[in-house]
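In: Here's my sequence, what's the structure:
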Amino acid sequence: KKKRKEKKAVVAASQTNIVTTISMSRRQMRMMLEEQERKRAQELNAAHEGAKQEEQQDVQEDIEEEEEEEEPVRQTKSAFALLLEDSDFDEEADDDDDDDQQQRVAARGNRKGKGKGVSQGNGDTSAQLRPQAADGEQKKKKKKKKNKKKHRAKQASAQPSGNGEDELDRIIQEVERECGAVDQGEAVASAEPIIATSSLLTIEKRELNADQELARKFQATSRASARVTTKHRGRVKVLRTSLVNARETFPPPTHLGFHMDVDTTSERAQQHSGQDGQPRSERWFCMQWSQQYKQLEVHFLEASRSMDPQNIARILAMAPYHLNTLLQMSEVYSMQGDLQVAGELVEQALFAWETTFHPLFNISSGNVRMAYEVYENRACFLALFRHIHFIIQKACWRSALEHTKLLLSLDPTQDPLGAMLMLDYFALRSEQYEYLARVGSDWQQSKQLDWLPNFAFSHAMAEHLIATEKSTPETAAIHAARADELLQRALLRFPEFVIELLDKLRAEMRPAILAHNHFKRKPTPSKKSEKHVFMLVILLIERNFTLWQPESVLEWLQSNCEAVIAYLDQPDEDGEVAATMEMITNRRRTGFVAVPLNIQRHIVLSNIPVVLQFLPAATVDSGINSYDPLPPPGHTNPYEQETRALPAVEYSGGALQAFFQSMLPTFDAQQVAAEAQARGHAPQPEVDASPLTTRVRDMWQALDFGQIFSSLGITQQQATNPEEFLSGVDQDELTRLLQQQPRGGQSGQDEHEGRE
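Out: Alright, predicted model coming up:
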């Protein structure tokens, strides 16, 4: 029965592995099998150790029993003679058990001879033998022990063991038989560029947790739990998370209303699918919303239109894991200065998102994708971006780097939130210089990183820090030369970096450098292209200026500025210098005419006031929603139509609320009044439903400025001309009127009002 049960268990486990490995890659299956072999080896070792301990215990019991027995003096037989006596009981024993029995019997005989001090006679048979009953009882004990050992040996031999590679091939064949074989040559050929990209986007999960990084900095252990338990039909399910720690204040993640599924409908997913529907190595996913969650989204948009945080808070109380509501309330708390609560709300959104991960959504692989064009996916991108900004406030730079890699890996082609604009900074702050150098070298052609100011200068600094901190004497010179070359190229393309950096650091540099035509201060650019280049340079300086603050770095920058000046001032007989500068000028004029939407979103979400002023006027005038900043063209919010179909929120009669509602572009006073009356909630009679601007204009027209001007002796012509107005005012008379004391009997407040 036990053999049959074990056989059924092995068959069931193999079937489970086949079903599981259908959606696994070859590497994941190999890792799974290696883990299984490792567990089997541990179980076998544990079984052998248990058998050895039991054997030692049996031997010890035999010794104690024999020492306690008062047996008469008998002929002491050799180990070989004792072995012959027990041969009848050893016929069914295995060879390994026989060897172990010989050793134990021999050791027992030696211990008896030494302990009792009995002399071993040569052929002496005059000693009295043990009684027959005792001898039979002892033989029964030996037989029982041998049967136990045989049973343990059979159990150990029944454990499954085999070659992991053979089992892997067998599982792959079964998977191909179930799902159809794939052309390996075509799959490898199509996945080569993706593999090269994903190698730089591979994420280390152990570095994602900011709390653990903070604990390591202070040489302490993190007490925060990275798991939460939920009950389902009486069973306790443990949810382990990697992005954030599950806090005790988080509600149980049940009935979320959304889940993750494989994306097969969006344009991006269809463009990146292989021939005949065979997927490539990257996988596309999307968030799916239930009908109830969609209704919550409509109510959230309506609450956002009301501009009342209390309406948004009511939705959060009703649905604690509505992603857009969590992010919007986080913005509200950030504006109020409560950054701790704001950060916890973003963590709650990320926690809810992670609990819905698809089984194939492996964030550490770097091959999982999500389309930003799908509205349901955008909240996940925004939650990651805002979580990164809360992480850097704790100075957890490595965690920020891994989260930025995750954000970039979701869509490395379009980079919808501009993760490349901050990836270099986090890599430098976390001392991942080699990684940054690899990114700058491998993606230089595909992403043209040398024309992004932040990567142009950060790549050079990474090579410089490798040469000074992490290189051997043999390789330091190579990295130093590479760093100088990259920095000089960046200074030729973005010379305004020097003067703006010095202003930010309040540092000084040799006057000859700042007086050169290439580095001297230039007026504020008026052309769009130059203005956009200046915006990217200011963004770089506002974020990375602390990295350039050390004296050694400034000395390195100064020496390369001198090298650039020497290059520009050298005799240009072959016209190489002129051709280079003409190419740079043309590229700056034609390559930065328009600011991509992903860079604009990055600037809006980063909320750096100095950089916000450089946004295009069309972007500012169009209006920016914090829950969906600058949606992609042709992929607007699909729930806006349902929101506009709903009646506008009624005002309760307050002048301030009426003023804010009058600023909405969809505000119609007559429509609001009609809808309110239809529902039996007519506005109060003492409050006019017209916009506040109309009331201010009526009040302004009611003022009699002619009487005011005549009392001051000012003509109408002087009143319309500011210069004549100032020249026509009698300053002494005006001062006398202002200082004139009011009539007696008034309080101090009335006196102040009278002076005004």
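In: can you count the residues close to Arg489?
Out: Using other Cβ atoms under 10 Å, Arg489 has 18 neighbouring residues. To be clear about C-beta, it is placed using only N, CA and C from the backbone, and glycine gets the same treatment.
In: Please identify the helix or strand for it.
Out: helix 473-493 (DSSP states H and E).
In: which strands and helices sit next to that helix?
Out: Judged by 3 or more Cβ pairs under 8 Å, 6 or more residues apart in numbering; DSSP states H and E, helix 473-493 is in contact with helix 453-469, helix 496-505, helix 551-569, helix 576-590.
In: Can you tell me what sits against that helix?
Out: 440, 450-451, 453, 456-457, 459-461, 463-464, 466-468, 471, 497-498, 556-557, 560-561, 563-564, 567, 580-581, 584, 587-588 (Cβ atoms under 8 Å, 6 or more residues apart in numbering).
In: Setting the sequence-adjacent residues aside, check what's closest to Leu536.
Out: Pro453 (4.9 Å; Cβ to Cβ, 6 or more residues apart in numbering).
In: Tell me which stretches of this structure form strands.
Out: With DSSP state E, the ranges of strands along the chain come out as 227-232, 235-240, 258-262, 283-289, 368-370.
In: Just the buried ones from the contacts of helix 473-493?
Out: The neighbour-count test (16 or more other Cβ atoms under 10 Å) marks 440, 450-451, 453, 456-457, 459-461, 463-464, 466-468, 471, 497-498, 556-557, 560-561, 564, 567, 580, 584, 588 as buried among these.
In: Can you tell me how far Val593 is from Asn586?
Out: Here the criterion is Cβ to Cβ, to the nearest Å. By it, Val593 lies 12 Å from Asn586.
In: actually Thr404, not the one I wrote
Out: 32 Å.
In: My guess is Leu243 contacts Glu207. True?
Out: No: with contact defined as Cβ atoms under 8 Å, Leu243 and Glu207 do not form a contacting pair (11.5 Å).
In: So between the two, which is more surrounded?
Out: Ranked by neighbour count (other Cβ under 10 Å), Leu243 and Glu207 place Leu243 first, with 23 against 19.
In: that older thread, got the buried residues for the helix holding Arg489?
Out: Neighbour-count burial for helix 473-493 [16+ other Cβ under 10 Å]: 479-480, 482-484, 486-493.
In: That one to helix 551-569, inter-axis angle?
Out: Calculated by axes from the mean of the first three to the mean of the last three Cα atoms, to 10 degrees, helix 473-493 forms an angle of 60 degrees with helix 551-569.
In: in stretch 434-449, what counts as buried?
Out: So for stretch 434-449, counting by 16+ other Cβ under 10 Å, buried means Tyr435, Leu436, Ala437, Val439, Gly440, Trp443, Lys447, Leu449.
In: How about stretch 285-297?
Out: Those would be Phe285, Cys286, Met287, Trp289, Tyr293, Leu296, Glu297, for stretch 285-297 by 16+ other Cβ under 10 Å.
In: which one of those is nearest Pro252?
Out: Distance to Pro252 across the buried residues of stretch 285-297 (Cβ to Cβ) is lowest for Tyr293, with 17.1 Å.
In: can I assume the closest one is in contact with His255?
Out: No: using Cβ under 8 Å, Tyr293 makes no contact with His255, being 9.8 Å away.
In: For stretch 283-303, give the mean pLDDT please.
Out: Averaging the model's pLDDT scores along stretch 283-303 yields 94.
In: Only alpha carbons, please: show it as CSV.
Out: Extracted C-alpha coordinates of stretch 283-303, given in CSV (Å, rounded to 0.1, in the frame of the first residue of the first chain):
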residue,chain,number,x,y,z
ARG,A,283,5.2,39.4,-22.7
TRP,A,284,2.5,42.1,-22.7
PHE,A,285,0.0,42.5,-19.9
CYS,A,286,-2.9,44.8,-19.1
MET,A,287,-5.2,45.6,-16.1
GLN,A,288,-8.8,44.4,-16.4
TRP,A,289,-11.6,46.3,-14.4
SER,A,290,-14.9,44.9,-13.2
GLN,A,291,-18.1,46.7,-13.9
GLN,A,292,-18.3,47.9,-10.3
TYR,A,293,-14.7,49.3,-10.5
LYS,A,294,-15.6,51.2,-13.7
GLN,A,295,-18.5,52.8,-11.9
LEU,A,296,-16.2,53.8,-9.1
GLU,A,297,-13.9,55.4,-11.7
VAL,A,298,-16.8,57.5,-13.0
HIS,A,299,-17.6,58.6,-9.5
PHE,A,300,-14.0,59.4,-8.9
LEU,A,301,-13.8,61.6,-12.0
GLU,A,302,-17.0,63.4,-10.9
ALA,A,303,-15.5,64.0,-7.5
